[in-house]
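K.L.:
Show me the folded form of this:
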Amino acid sequence: MIKWKASTKISYLVIAAIVTSLLMTGCSSTEQATNGETVEYDKNGHYVMAVLWFQTAAEAQALYYQAFNLAEMKLDEALQSHTGDEKLAVIVDIAETVLDNSPCRAELIKTDKDFATCWLEWMDLVEAKPLPGAKEFLDYTASCGVEVFYVSNRFEAQRETTIENLVSVGFPYADDDHVYLREGGPSKESRRQAIAENYEIILLIGDNLNDFADVFQDKLVPDRAAEVDSLKDEFGSRFIILPNPMYGDWEDAVYEYGRALSDAEEDSLRKEMLEGYSE
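P.N.:
Numbers count the residues shown, from 1 in each chain. Here you go, the predicted model:
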């Protein structure tokens, strides 16, 4: 155990207090609440622990390896049982499934910029790195003669930088024919069906329930949980889900898909959703 002198402890505490104060001052916001009072809060502060966990926790790394190890085993099983001539495919999401975009969320916290600005800046950098186990699994999939399709809700305007990033990290099938981006609404079902017309889809891998089936689309928190229960046998079998505490449809479900909510209203809903033990 490290032992500090009393003066050293005080110095560290003072520095920590100053840094915390500066961060809160630089990133805090004020907003009128519905009762007319002024509310002050750090509008991106709720991301801190989630992004910190995603970027630093070895447990996060282990979960990715675990998921892709399981995916490889399920791929082998599917190949052994496949007897027809139909071509085989694996569908993967991109963000927080095979590429790490957490620096974009970290930038929100550090600079207090809006998400759209950070996202466009981040995309233009083409610097997203593979997540643990992703490249090894995708390379193995390709070596088995199974094609990889990237089905993402990035917009078509981001096609060039998306493919450039996939190519830069050496992912297989990183081309126009295998990258399906969003053209209309957020549902991925029509894109999955388009792939299914010519391929047998043996695995779907993603960090969001909507990466697997349309039954989760726009469902509220209890309904999403009920749908997971109804499909429980698919998870770890045909559906491989990855951890993402930073964002996703799970968060939209908390807000009941209220796109016009203020930051303060979203903050209030997050806290209302928490279940304590003294209520």
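K.L.:
CA only for contacts and neighbour counts going forward, please
P.N.:
Fine.
K.L.:
which stretches of the stretch 151-279 of the chain form strands?
P.N.:
179-182, 199-206, 239-241 (DSSP state E, counting those that start in this stretch).
K.L.:
for the shortest one, packing partners?
P.N.:
The criterion is 3 or more C-alpha pairs under 8 Å, 6 or more residues apart in numbering; DSSP states H and E, and the helices and strands that strand 239-241 contacts are helix 58-81, strand 199-206.
K.L.:
May I see the buried residues of the helix or strand that the longest one is followed by?
P.N.:
With elements assigned by DSSP states H and E, the helix or strand that comes after helix 58-81 is strand 87-92. Of the residues in strand 87-92, those buried under the neighbour-count criterion (16 or more other C-alpha atoms under 10 Å) are 88-92.
K.L.:
Next: stretch 173-190.
P.N.:
Per 16+ other C-alpha under 10 Å, stretch 173-190 contains these buried residues: 173-175, 178-182, 187-188.
K.L.:
which residues touch the residue nearest to residue 239 when sequence neighbours are not counted?
P.N.:
Counting by C-alpha to C-alpha, 6 or more residues apart in numbering, residue 204 is the residue found nearest to residue 239 once chain neighbours are left out, at 5.2 Å. Listed by C-alpha atoms under 8 Å, 6 or more residues apart in numbering, the contact set of residue 204 reads 90-92, 211-212, 238-240.
K.L.:
Residue 219 now?
P.N.:
Residue 219 neighbours (C-alpha under 8 Å, 6+ apart): residue 253.
K.L.:
Could you check how far it is from residue 252?
P.N.:
9 Å (C-alpha to C-alpha, to the nearest Å).
K.L.:
Equivalent analysis for residue 52, please.
P.N.:
According to C-alpha to C-alpha, residue 52 and residue 252 sit 21 Å apart.
K.L.:
same deal with residue 72?
P.N.:
Distance from residue 72 to residue 252, by C-alpha to C-alpha: 31 Å.
K.L.:
contacting residues for residue 272?
P.N.:
Applying C-alpha under 8 Å, 6+ apart, no residues contact residue 272.
K.L.:
Can you tell me how far it is from residue 189?
P.N.:
From residue 272 across to residue 189, the span is 32 Å (C-alpha to C-alpha).
K.L.:
Which residues are in contact with the closest residue to residue 94 other than its chain neighbours?
P.N.:
Leaving aside its chain neighbours, residue 94 sits nearest to residue 152 (5.9 Å; criterion: C-alpha to C-alpha, 6+ apart). Contact criterion C-alpha under 8 Å, 6+ apart gives 93-95, 179-182, 188 as the residues in contact with residue 152.
K.L.:
With residue 65 instead?
P.N.:
Contact analysis of residue 65 by C-alpha under 8 Å, 6+ apart lists 132-133.
K.L.:
mind putting the strands of the stretch 151-279 of the chain in JSON lines, mean pLDDT and distance to residue 157 included?
P.N.:
Conversion of those to JSON lines gives the following (pLDDT from 0 to 100; distance: least, C-alpha to C-alpha, whole Å):
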{"stretch": "strand 179-182", "mean pLDDT": "98", "distance to residue 157": "9"}
{"stretch": "strand 199-206", "mean pLDDT": "98", "distance to residue 157": "22"}
{"stretch": "strand 239-241", "mean pLDDT": "98", "distance to residue 157": "27"}
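K.L.:
and of those strands, who's closest to residue 79?
P.N.:
strand 199-206 (8.9 Å; C-alpha to C-alpha).
K.L.:
Any idea how far the closest one is from the middle of the chain?
P.N.:
Taking C-alpha atoms, centre = their mean, to the nearest Å, one finds the center of strand 199-206 at 18 Å from the center of the full chain.
K.L.:
For that strand, which strands pair with it and how are they oriented?
P.N.:
Paired strands of strand 199-206, with direction, are strand 87-92 (parallel), strand 239-241 (parallel) (DSSP bridges).
K.L.:
would you turn these into a markdown table with distance to residue 42?
P.N.:
Converted to a markdown table, these look like this (distance: least, C-alpha to C-alpha, whole Å):
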| stretch | distance to residue 42 |
| --- | --- |
| strand 87-92 | 34 |
| strand 239-241 | 31 |
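K.L.:
wait, which of the ones you listed is closest to residue 144?
P.N.:
Nearest of the strands paired with strand 199-206 (C-alpha to C-alpha): strand 87-92, 9.8 Å.
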